[in-house]
Each structure stands twice: as C-alpha cells, then as structure tokens.
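# Here is the input, now give the coordinates:
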Amino acid sequence: MECISVFDMLKIGVGPSSSHTLGPWKAALLFLKEIGPDRMEMVEGIRIELYGSLSLTGRGHATDLALMLGLNGLYPETFPIDLIAPTIDQIKESKTLILQGQNAIPFDPETDIVFLKEFLPYHANGMKFQASLLGATIESVYYSIGGGFVQQESMPLDLEEDLKSFPFPIEKASQLLTYCHRECKRISEIVLMNELSLRDAEEIMDGLDTLWETMLESMYIGCHSEGHLPGGLHVKRRAFDMHKGLIGTATYQSAQEWMDAIRHIQVDFRKVLKWVSCFALAVNEVNASLGRVVTAPTNGSAGVIPAVLLYYLVIENKDATKEQMRQFLLVAGEIGSIFKKGATISAAMGGCQAEIGVSSAMAAGALCELMGGTPVQVLIAAEIAMEHHLGLTCDPIAGLVQVPCIERNTMGAVKAINAAELALETSGEYAKISLDKVVKTMWETAKDMNGKYKETSEGGLALSVNWVDC
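As a prediction, the model looks like this:
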C-alpha cells in the first residue's frame, strides 16, 4: 500500500505530457542529484537513451527538450515558459549544456539523445542516462510511470515506510468508505486528515490555492490565445473563438476578474456545454503549447478537472468560496490515487482510459461531494465516469497531444458532470459495480489492450491521416 499525497496526484508542470515531458524533465534533475555537486565539474559528457513509448512518440511530446532543460538544472514548476524556446535554441546552436548551471559540457541533441524502439521490461516509458567523467561512467535507468511520477530502476519505493505517514492508509475505495462511516466524515475530511500528517494546515491550504490559481490561469490564457498549435499538424486553437462567441468583446485584466464576470452570465443548457468545453479546450491548448498546467492526473488530461471545478464555481454554485474549491481538489486527488495504486494513470500502460477516464472519475466524485453527495454516492460517481471510458485507446496523431487528445478533455468533463448527477439519484443498494471493481476491470483491460493503442502512434487514429477516404 502506497502513501500518495494530493500534491503528488495534482502537481504543477509544463506540457504537453506528464509522462513524456514532465517525467523525463524530473528524471534529468534526479540524475543530476545522483551525480552530486562534488562530481558535477568532472562530467565530460552525457548520453540519454529513450525506450518504448518515449522513443516512439517522444519527439512529438518534447521529451528531448524536457531532458535538456532538466540537465541544465531548470525546474518545470518555476522556469518561465517564454524562456523555454530561446534556452533550447541556445543549447542546439552552441551544442553545449550547462549542467546544473555550473559545468559547460559538449552536447549535441542529435547524437546524445538516442531514440530506441525497443522496450525495457519494467515499464513502457524507460530512459537510460550515462555520464562520462574522468574515465569513469555513471549510469542509471529511470521510468516515467505516468502523471509525472518517476521511478529509478535500482531504487524501488519503500512502500511500507511511506505507509506509516498516513493515519488513514488507503489502497482501495472500500477502505476509504469504511473510514468515512467509522469517523462520520466526508471523503474530503478524511483526505485532509491524511495530508495534515505530512504538512501543516496553512501549507496545505496555500498549496491547494496555488494549484487552483494555476488551473484558472491556464483556462484564462487558453481562452485569450489565438492562432495555431506548434508541432506541424497546424491545429487551430478553438478556445479563443468559442470563448469570444460566449462572452463577446469584453476584456479582463486577470483570471480572477474573468472568472467573476462569468459568474454573472445567464446560461441555458447548450451554453453550459459550450462553456465546459471551452474551459477544457483552453487548458489543453495551453498544454499542447508547452504551457504551464496542473497535471490532473496527467498533462494529457489536464483540462477535465479545471473545467468541472470552474463549472461548479461559476454556474452550479455562484456563491462558492475557496473552501469548496479546496474540498473538490482533496476528493479528486484521493480518487486519482486509488486508480494509481490499483491500476495505472499511464497511457503508455493503459491507453487513454488511464488518463481521460481517471480524470473524469476524479472530477465526477469531487463534484458529487460538492453537490451534497454522500461518500457512497461520491464513489458511485467516480465508478460511473470510469465505466464509460473503459477500453479507450491512446493513439495521438504524429505523437502530439492534440488530436484526438484535446477534444477528449471536453468529453471527459461533460461525462463527469453527468456521472455526478446520476450518482446523486442513486443509493448504494442500486450500485451493481463498485469503484474497486471498475479499477480492477480497468487494469485488466489495460493488460489485454494491444500495445499499438498505448501511446505509440502505431495504431488507430494515428494512422488515419494516411488513409484514403472511400
């Protein structure tokens, strides 16, 4: 049983992919730490080999760029987005890396980052780092296991040690439900008590607020950015035009001012669908442009949770406060961790059901609690959302998190709202499938799924661009 914090499931990073961009970026930083400050000046060269899905779709996911930024000692949470392109250009032109910002070494991305099509045994997203220093070699293998989580091959997680941190250790939804009944608490309250065992209340609240501010900012930026997405597919940004059609010519100075304005707009059912879709599109267009988003639980599915939460704040409950926002994120994070422990949140392991499906389940359960759902109904909402994503493949065209990925976030958000409403009309006795059963089913489906539908761009829609219409 693994101790996973809400801040592990929801973390700030740079697009377009948590497993192919954020994970390798973090792995590069971990490798620098392994080298250590005392040996950094001795490094003469670095080579990285990418395996499996990282190799097959890594260029479209900017894996090579993330590795270079990480080896330069830059951090995805704080490094200015507008400096990414010039920094990469400088590395490519000078063919030089500055390790941890202190040791300049020769580095040619064309030869020192090698894309290999073979798979390593542990996980589909494998990478091997090799550093040469004064005749010796430091070598480590890392795996990007989804959602920005990174595992070093030689250092498995000490799960028993991690488990000791939480007063309410949770591996399955049934355990969470038992705690809620025994303690007479909502799911968000149980999750908060676990978080309090790791950090103080002020740090938790500040952290949740920062997550939401980042989510809101990504929606705001996406709604106010026009043009085409990078990468060669020439995908037109749609959030800008959709937002303009919904809000008119009004302008706003900040994301908060924009959100406050939306709260006063009267909407019918059709406009609700448009707003929710607009919110989700906006986030994932920012993500596809190497923008800053919250991994929720992955970058490819980053638009679902912000879209559903903003729907609640500006349409469902216009008087909602930070308290409801924090409550939502606590519930969403816990549901995501149940899927990570019992199945996977990696599309390279489970297809898109592991990304959009999980994010939709997280959002559905969180929304259900805010709308007055019992712990049983919250888990039913999560189950319903995932049930209707089972078997969803991951086949991005050209390896880019654009088609069909961006639109899928709108579908996941709408399904989450629908699932929450259905759960509120359902009592526990009518729930035929538990959340634990659907998690197990999702994992079994993932293992049965053909490998070409697991983020390799070797099947499905990824091939459709070469087909001739009949």
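
# With adjacent residues omitted, what lies nearest to W258?
Ranked by CB to CB, 6 or more residues apart in numbering and with sequence neighbours excluded, the top spatial neighbour of W258 is Y252, at 4.1 Å. Every C-beta, even on glycine, is put in place using the N, C-alpha and C of the backbone.

# which residues sit in contact with the one you found?
Taking CB atoms under 8 Å, 6 or more residues apart in numbering as the definition of contact, the neighbours of Y252 are 220, 258, 261.

# For H388, grab the count of nearby residues.
Applying other CB atoms under 10 Å, we find 17 residues neighbouring H388.

# where's it relative to Q353, distance?
H388 sits 10 Å away from Q353 when distances are taken as CB to CB, to the nearest Å.

# Nearest residue to H243 in space, please, no chain neighbours.
Nearest residue to H243 in three dimensions, chain neighbours excluded: C223, at 3.9 Å (CB to CB, 6+ apart).

# Was I right to think that neighbour contacts L246?
No: with contact defined as CB atoms under 8 Å, C223 does not reach L246; the gap is 9.0 Å.

# In a strand, S144, correct?
Yes: assignment of S144 by DSSP: H, G, I helix; E, B strand; the rest coil places it within a strand.

# so what pLDDT did the nearest residue to it once chain neighbours are set aside get?
If the residues on either side of it in the chain are set aside, S144 comes closest to G23, at 2.8 Å by CB to CB, 6+ apart. The per-residue pLDDT reported for G23 equals 95.

# So, low pLDDT: which residues of the stretch 51-200 of the chain?
Regions of the stretch 51-200 of the chain meeting the criterion pLDDT under 70 cover residues 155-164.

# Now do the strands in it.
Taking DSSP state E, counting those that start in this stretch to define them, one finds strands in the stretch 51-200 of the chain at 96-99, 103-106, 113-115, 125-133, 136-146, 149-152.

# from the contacts of Y252, which would you call buried?
Burial by neighbour count, 16 or more other CB atoms under 10 Å: within these this picks out 220, 258.

# of the contacts of Y252, closest to G147?
Y220 (23.9 Å; CB to CB).

# Any idea how far stretch 234-245 is from the middle of the chain?
Once both centres are worked out by CA atoms, centre = their mean, to the nearest Å, stretch 234-245 turns out to sit 22 Å from its chain's centre.

# CA atoms only for it, dumped as PDB, please.
Extracted C-alpha coordinates of stretch 234-245, given in PDB (Å, rounded to 0.1, in the frame of the first residue of the first chain):
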ATOM      1  CA  HIS A 234      -1.400  23.100 -37.900                       C
ATOM      2  CA  VAL A 235      -4.300  22.500 -35.400                       C
ATOM      3  CA  LYS A 236      -6.200  25.800 -35.000                       C
ATOM      4  CA  ARG A 237      -6.800  26.900 -31.400                       C
ATOM      5  CA  ARG A 238     -10.600  26.800 -30.900                       C
ATOM      6  CA  ALA A 239     -11.000  28.000 -27.300                       C
ATOM      7  CA  PHE A 240     -10.400  31.600 -28.400                       C
ATOM      8  CA  ASP A 241     -13.200  31.700 -30.900                       C
ATOM      9  CA  MET A 242     -15.600  29.700 -28.700                       C
ATOM     10  CA  HIS A 243     -14.900  32.000 -25.800                       C
ATOM     11  CA  LYS A 244     -15.400  35.100 -27.900                       C
ATOM     12  CA  GLY A 245     -18.700  33.800 -29.000                       C
END
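
# in it, what counts as buried?
When neighbours are counted by 16+ other CB under 10 Å, the buried residues of stretch 234-245 are found to be 235, 237-240, 242-243.

# same deal with stretch 390-399?
With burial defined by 16+ other CB under 10 Å, the residues of stretch 390-399 counted as buried are 392-397, 399.

# circling back: list just the nearest of the buried residues of stretch 234-245 to S301.
Within these, the smallest distance to S301 is 16.4 Å, found for A239 (CB to CB).

# Point to the residue nearest the middle of this structure.
With distances taken as CA atoms, centre = their mean, the chain has T298 as the residue nearest its mean C-alpha position (1.5 Å).

# Assess the claim that L208 and R326 are in contact.
Yes: under the criterion of CB under 8 Å, L208 lies in contact with R326, with a separation of 4.5 Å.

# more neighbours, those two?
Neighbours per residue (other CB under 10 Å) separate L208 from R326, with L208 holding more: 23 against 20.

# D89 versus that one, what's the distance?
Note on L208: its distance to D89, by CB to CB, is 36 Å.

# can you check G222 too?
Going from G222 to D89 by CB to CB gives 25 Å.

# for I345, same thing?
Relative to D89, I345 is positioned 33 Å away (criterion: CB to CB).

# So for the two, which residue has more residues nearby?
I345 (28 against 10).

# I am assuming the more buried one contacts I356, so please confirm or correct that.
No: at 10.7 Å, I345 does not count as touching I356 under the criterion of CB under 8 Å.

# who's in contact with A104?
Under the criterion of CB under 8 Å, 6+ apart, the contact partners of A104 comprise 96-98.

# Distance check, the closest residue to P16 other than its chain neighbours against L74.
Closest residue to P16 in three dimensions, ignoring its sequence neighbours and counting by CB to CB, 6+ apart: V401, at 4.1 Å. In this structure, V401 and L74 are 21 Å apart, going by CB to CB.

# Tell me which of those two has more neighbours.
V401 (32 against 22).

# Check which helix or strand the more buried one maps to.
In this structure, V401 sits in neither a helix nor a strand according to DSSP states H and E.

# list the contacts for it?
Each residue near V401 by CB under 8 Å, 6+ apart is listed here: 15-17, 60-61, 284, 287-288, 299-300.

# roughly how far apart are it and Y220?
In this view, V401 and Y220 are 20 Å apart by CB to CB.

# do A288 as well
Going from A288 to Y220 by CB to CB gives 16 Å.

# you'd agree W212 is up against M325?
Yes: W212 sits in contact with M325 when judged by CB under 8 Å, with a separation of 5.2 Å.

# could the contacts of Y252 go into TSV alongside distance to I145, secondary structure and pLDDT?
Output for those, formatted as TSV (distance: CB to CB, whole Å; DSSP: H, G, I helix; E, B strand; the rest coil; pLDDT from 0 to 100):
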residue	distance to I145	secondary structure	pLDDT
Y220	31	helix	98
W258	36	helix	97
A261	40	helix	95
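
# Redo the contacts of Y252 as JSON lines? Include distance to E444.
Conversion of these to JSON lines gives the following (distance: CB to CB, whole Å):
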{"residue": "Y220", "distance to E444": "40"}
{"residue": "W258", "distance to E444": "43"}
{"residue": "A261", "distance to E444": "46"}
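
# Let me see the contact set for the closest residue to Q152 other than its chain neighbours.
Spatially, and ignoring its direct neighbours in sequence, Q152 is nearest to Y142 (5.4 Å; CB to CB, 6+ apart). Neighbour list for Y142: 27, 30-31, 126-129, 150-153 [criterion: CB under 8 Å, 6+ apart].
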